[in-house]
Structures are given as structure tokens and as C-alpha cells.
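K.L.:
Sequence and predicted structure, then a few things I'm wondering about:
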Protein chains: 2
Amino acid sequence: MATIKDIAKAAGVSVTTVSRALNGYNDVNEKTRAKIKSIAEELNYSPNAVARSLVKSKTETIGLLVSELSLSGAKDMFTYEIMCGINDSSSEKGYDLILFSTNSAKQKAKSYSQLCRERQVEGVIMQGIKIDDPYLKEVIDSNIPCVLIDVEIEGENVGFVSTDNVFGAQMAVKHLTNLGHRNIAIMNGHNQAVVSQKRLQGYKKQLEEASIPFQDEYVLNGEFLEEKAEKVAYSFLNEHPEVTAIFCASDLMALGVMNAAKRQGIAVPEELSIVGYDNITLAEYVQPQLSTVEQNKYQIGFKAAKLLIDMLEGNKANRKVILDNQLIIRNTTAEPK
Amino acid sequence: MATIKDIAKAAGVSVTTVSRALNGYNDVNEKTRAKIKSIAEELNYSPNAVARSLVKSKTETIGLLVSELSLSGAKDMFTYEIMCGINDSSSEKGYDLILFSTNSAKQKAKSYSQLCRERQVEGVIMQGIKIDDPYLKEVIDSNIPCVLIDVEIEGENVGFVSTDNVFGAQMAVKHLTNLGHRNIAIMNGHNQAVVSQKRLQGYKKQLEEASIPFQDEYVLNGEFLEEKAEKVAYSFLNEHPEVTAIFCASDLMALGVMNAAKRQGIAVPEELSIVGYDNITLAEYVQPQLSTVEQNKYQIGFKAAKLLIDMLEGNKANRKVILDNQLIIRNTTAEPK
DNA sequence: AACAGCAACCAAAACGTTTTGGAGGATTTT
DNA sequence: AAAATCCTCCAAAACGTTTTGGTTGCTGTT
């Protein structure tokens, strides 16, 4: 592999001159520069980013911490779409992406922040991290600039991007109350996610606005899992025939609820309205098509990378980015009988 | 950030000793080692991988070249699942993953192999690359070890992993001929993919075995796109009412064909049998559920990373990995009327 | 003729590691 | 008692860049 030295030798100049010529400094004669450039091309030279990083102590790399880059999440494309956004945004700015996924074995051996420091990433984006993940705190406490997705923590070196989950949930439930539903349950996710709390909040808010008393036993926990939601919904529907609508904190859980309803012989939407959250691809393919709240996952990723890079480059930027979401009405919602 | 020098100073030894102590060499007294280790911990030291890479000229990094990490592919989870496999496999071996995606703007400025050389990745995995992509040739010609997914090229520094597409396609078509179909069309992908050629081959092979004459006009091109497939199928079905079955080279295209059939008022599977390829998540959610050929995408990724790392570490490994696939019979296939 | 100013170049240090080729002293072997 | 061996340690070079703080020689000004 040709180095800057080889070029210097071939061109009969010092390495300094080669470096400055190639990097566009103007204290080098244009003729010399041209010569150097042509030699560089000839030698098929590409600068060694490792060496450069070492001296500049800048790697132009951002780390992507995904809690579980695993097949469990394969059904909803959440992570993938976010990654697309991150990738586009960061490559636009000339940053490379390095993937840190929490393999259980590796996680024990090395902490996130260790990985980051070793690899000298300039900042990280964390996606899918549970709120009680010990490593979340660790990264935040370290001084590595960091952007969280869907975890609302703000600070000097930490920002976040999320959607307005309270509003999104409220919209969904409002859609149900507008249709005339009064007995509305919520299939929530686990409590280690901020979004669960927010969505519950939105649910309560709309209940209040519609003057519907909140009932504790109408709050179900599906852990964000299809199977769990199905199981929970199955017995719940049995015990609560008065319930005519269920708001689900994720489409995946909504799918589970739909299955439960089918198994109970309950018709959707005639006897039970269901609205989901996320608008995953599947949502418009299931029968009936699922009404849901859309989040622009690509945008989430894109903005996250943008925010991080702004932070890295000292541009002032709001460390708190909240994106819109919108209700998509399909065929799982109808007036109660 | 604490460096090895700080530790040396604090411990009253040379940097050499610190390095050797921390790296487990046995020419250092256990007492000294313990002292160094404790100081390192105290200082919250982590080795600088950049500096280490520079001197060892090893980065322990593999590049992941994805032709389009974009939302176009979002519907099928192909890339994502492969990435999961790659990630698990490589992190198991202690390699980090760096993402190179062909952003059109960036692609023009810097070629793949340049990116790889700059970043000093030790090898690359290429996924979703079209056979006529100029950069494919470039990477192969460079001496960077490289594993291709679904592109069958073999060489000293290049291997591939794929599934047996001829067999898979034949199985699918055999399923149709066994059911009694005689007029079977194929909705193929574009010709820039090896898999298209292979699947066509499998289709022909089974036709021959079933003594059905091959007809050129039964070969359709859906470009691997749902919309395109729908469009092509729509007019084809109109002109060829004798056709009772269509084998599709991807599930996505099968979905398109299903839509076309619906629009034409053709009942699936009663009047038209359809079998897809890939077994994407959607396949079991559409109505009727899609019969298809399953490929274990996770395994493809996993094996690809394994092969690459074997190549990197000089373990002898077969540069050609062909994985099994299997027919999944659901509800889009039935006997012809 | 002396000087300032400028264009074009360069030597050396620095970045944080690993590795090479010893060195010094203690211990064991002859 | 000398020689050989072992244990522990270290100075310096190396990796490929960028940056700092110059130097050299030329042009034009006084």
C-alpha cells in the first residue's frame, strides 16, 4: 500500500509538502501539487484514515448502539428503518457508522463506553435501550456525546429525538371516543420504555377529556410482544365483554389482540375496535387492515444523526427533537354496536 | 483520556512494561502486573484502538457494503436479517462492523475499495450488489478479502454464500406441477441478479422433468418490485387466461401478482396458484397466506461473516457456501380447476 | 545595498500503541 | 568461581499521518 512517503520520494519533495498538497493548502506551488497528485493517482494512493485519526484525534465515526440487533425485532422494521435514516444522514456529512450491538457475551466483557473509547467514536446514537439498562446511565455519565432515541434525557452532551407519544396516543384514543366508545382498554408495553409511560398518559388524558373514568384494570401489559399481548387479551376479553375498544401501544401487540379476538369469536371491528401504534408494514396487510399511529422512523433516524453531528461540530442545536406523528384510519375501528 | 504513558508514570515503570503487563505477556512480575492493572482501572484506562491498529496494521474491522440501505428494501426484511446474522457472527469473533452504504453522492466521490483502504477494513461483505455494479469488479480486483452474498464468484480472496436457487425454484415449480398445473408462468427479477438466472434455470428444469414445453412468453420480468410485478401480471393474466399458476422469484413480486389477480377478479388459489420466494414476514400475514420458498437469511449473514473471518485468519475454509432452503406450503396454491 | 515581504518548501515532533533487541541482576549449573 | 540461565525490565523504533515553526531564495521597495 502506497504511503505518503512513497509519493514524497517519487516526487522529490518532503512528506510535509505531499500532505499539504493533497489537503489543498495554498503554500504549495500548483505545478508541484499537480505533480504530486498525478503520482498519487499513479500509485493508487489512499490516505490511511487510521493514522490520520491518531494525529488529529478525530475519527469521523459515530457509534450505533442497538440494544438488540436480533431477530426478535425482525417482525417490525423499526430498527432497520431508523438505521436507514441514520445512515443517510451521517454519510451525507461524511461520518462513518460503526455498529455496536449488545451481544450478551460481549456486553459482559466490555461496557459500551469502553467500546466507544477504544474505538474512539466521536459520539453515539442509542436505539432500543431500556430505561433501566445500566449501560444507558454509563454512557450518559461518560462525556461521550450521545443521542437517545425515544428516551427523553437532555444534557450538555446528551440529546434525544422522539415523537410526541402523549399526543399520538391521545389522537388514537380520541378516534375511539369520537366513534362513541366508552369502555376502552389499553394494551401497553413494558415499563422500561419511556414511550409506554407517555402513551398511557395520552390515553388517560383523552379519557379525561371525554369524561370517561379511568379504570386500573383496563391497563394491560403486553410487554411489546405479540404473543404476550395475545395471551393477556384473550383472558381479558373473556372477563370484560363490556369493552368495545382496545388501544395498543404497538402494532405488534395489536396483531396479538386481533388474534385473541379471532380466537374468542369476537368480530373486528364490529364488536371490537383496535388501534395500534407504529404503522409497521404488516399493518396494511393484515385483515382487516389495522388503524394505527404512524411514526416516521426514517426521519427519527435521520434527525438523530443530524442532531449528533451538530453537537459534535459545535453547531448549536436543540437537544430535544420531537417529531410529528399521525393517525392512520383503516379498518379495525368502527362505531360500537 | 488516560494513556499508557500516564499509567507508566504512575506505576514508575516504562510504557513497554505497561503494554506487556496489560496484554498478558509473561515477562512481567505478577506483583508489577497487579499494580499496573489496578492503576489502569483507577485511571479508567481503555486502550486506544486507533493507535493499536496503526502499529499492528490490523483493525479488527470488517466492512459491510450494502448496495442500498434504503427504504426501498424496507418491506422485505432481507437486508436486516442478514445484518443480524453478520453482526452476531462477527461480534462473536471480536470484529467490529462498519457500514458502507452506497449513497449516490458519496459513491461518485469515493469508490468502495478506496473507502475500504482508507478505513483499513480487513475484509468486506457485500450484500444486494447487482452483478453489473462497476464497484463489484473493483472490489474483487483489489486484494481486499471479500465475501459476496448471492453472487457466485470464487477466488483466492473472494468467496460467497448463497442458497441453492436452482433447487429452490425447482421445488416451487415441482409443487405446482405435482398439483397438476401445466401452464405455469414465472415472474422473474431483473437480470442483474444472479438469483434471477438461477431461479429461471430451476423453473426450466422442472418444466422439462414434467415434460412441459418451455414458452418464452411465460417469462415475465417484475424487476423484484411489487408494483412492477403487479402491472406486468395484470396485463399478462388478461392475455393468458390459460395460465393457472405463477411462480414468483420473490415474495414481494408475489404480492404484486396477488393484487393483480384480485383486480382481475381471479380467485387465488382457486383459479390461480401463486408461489413466492424468500418467506418474508408478510408472507404469512397476507390473505390468503403465501406459499413460498424459505431462505434462512440470518444464517446467510452468519455464515458470510464466518467465512470472511476464516479467510482473514488464514483458516482454510470452503470459499463457496450453499445453504439449504425449503418449500413452505400455505394457501396460495391448489389444484387447477 | 539593505530590507521587508512573500512564495515554496522542509525537519522534526506529535498522536498512543506494540515490538525488537537488549540489559542488569539474581539464581542455578558446571 | 565462572558460566549459563532465567526473570524482569526498558530504550528506541516503528506505524502513517498532520502540524508547528521554521528556512531559503526571490521580488520589489526604500
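P.N.:
Received, thanks. Residues are numbered from 1 along each chain as shown, chains lettered A, B, ... in the order given.
K.L.:
Name the residue of the stretch 101-250 of chain A that lies nearest to DNA strand D.
P.N.:
Residue nearest to DNA strand D within the stretch 101-250 of chain A: A:Gln120 (13.2 Å; Cβ to the nearest atom of the strand). Quick note: C-beta positions are derived from backbone N, CA and C, even for glycine.
K.L.:
Return the backbone torsion pair for that residue.
P.N.:
A:Gln120 has phi and psi values of phi 60, psi 40 when expressed as degrees, to the nearest 10.
K.L.:
That one and A:Gln299: what is the separation?
P.N.:
29 Å (Cβ to Cβ, to the nearest Å).
K.L.:
The residue of the stretch 101-250 of chain A closest to DNA strand D and A:Pro336, how far apart?
P.N.:
Look at A:Gln120 and A:Pro336: by Cβ to Cβ, they are 58 Å apart.
K.L.:
before we move on, what about A:Ala34?
P.N.:
78 Å.
K.L.:
if you count what's nearby, which of these two comes out ahead?
P.N.:
Legend: neighbour count by other Cβ atoms under 10 Å in any protein chain shown for A:Ala34 and A:Pro336, higher for A:Pro336 (18 against 11).
K.L.:
pLDDT at the more buried one, what is it?
P.N.:
Model confidence at A:Pro336, given as pLDDT, is 95.
K.L.:
Could you double-check that it sits in contact with A:Asn178?
P.N.:
No - applying Cβ atoms under 8 Å as the test, A:Pro336 and A:Asn178 come out as separate, 11.7 Å apart.
K.L.:
Assumed A:Ile246 was part of a helix.
P.N.:
No - counting by DSSP: H, G, I helix; E, B strand; the rest coil, A:Ile246 falls outside a helix, being strand.
K.L.:
give the contact list for it.
P.N.:
Applying Cβ atoms under 8 Å, 6 or more residues apart in numbering or on different chains, we find A:Ile246 in contact with A:184-187, A:220, A:233, A:257, A:272-275.
K.L.:
Any idea what it is bridged to?
P.N.:
Beta bridges link A:Ile246 to A:Ala185, A:Ile274 when assigned by DSSP bridges.
K.L.:
if you skip the residues just before and after it, what's nearest to A:Thr17?
P.N.:
The shortest distance from A:Thr17 to any non-neighbouring residue, by Cβ to Cβ, 6 or more residues apart in numbering or on different chains, is to A:Val28 (5.9 Å).
K.L.:
number of nearby residues for that neighbour?
P.N.:
Close neighbours of A:Val28, defined as other Cβ under 10 Å, add up to 19.
K.L.:
Surely A:Gly63 is in a strand?
P.N.:
Yes - per three-state DSSP, A:Gly63 lies within a strand segment.
K.L.:
For it, list each beta-bridge partner.
P.N.:
The partner residues for A:Gly63, given DSSP bridges, come to A:Ile98, A:Val124.
K.L.:
Pretty sure A:Val121 is one of the things it touches, is it not?
P.N.:
Yes - using Cβ under 8 Å, A:Gly63 is in contact with A:Val121, at 3.9 Å.
K.L.:
Can you name the residues of chain A that neighbour DNA strand D?
P.N.:
A:1, A:3-5, A:15-16, A:19-20, A:22-23, A:27, A:45, A:47-48, A:51-52, A:54-56 (Cβ under 7 Å from any atom of the strand).
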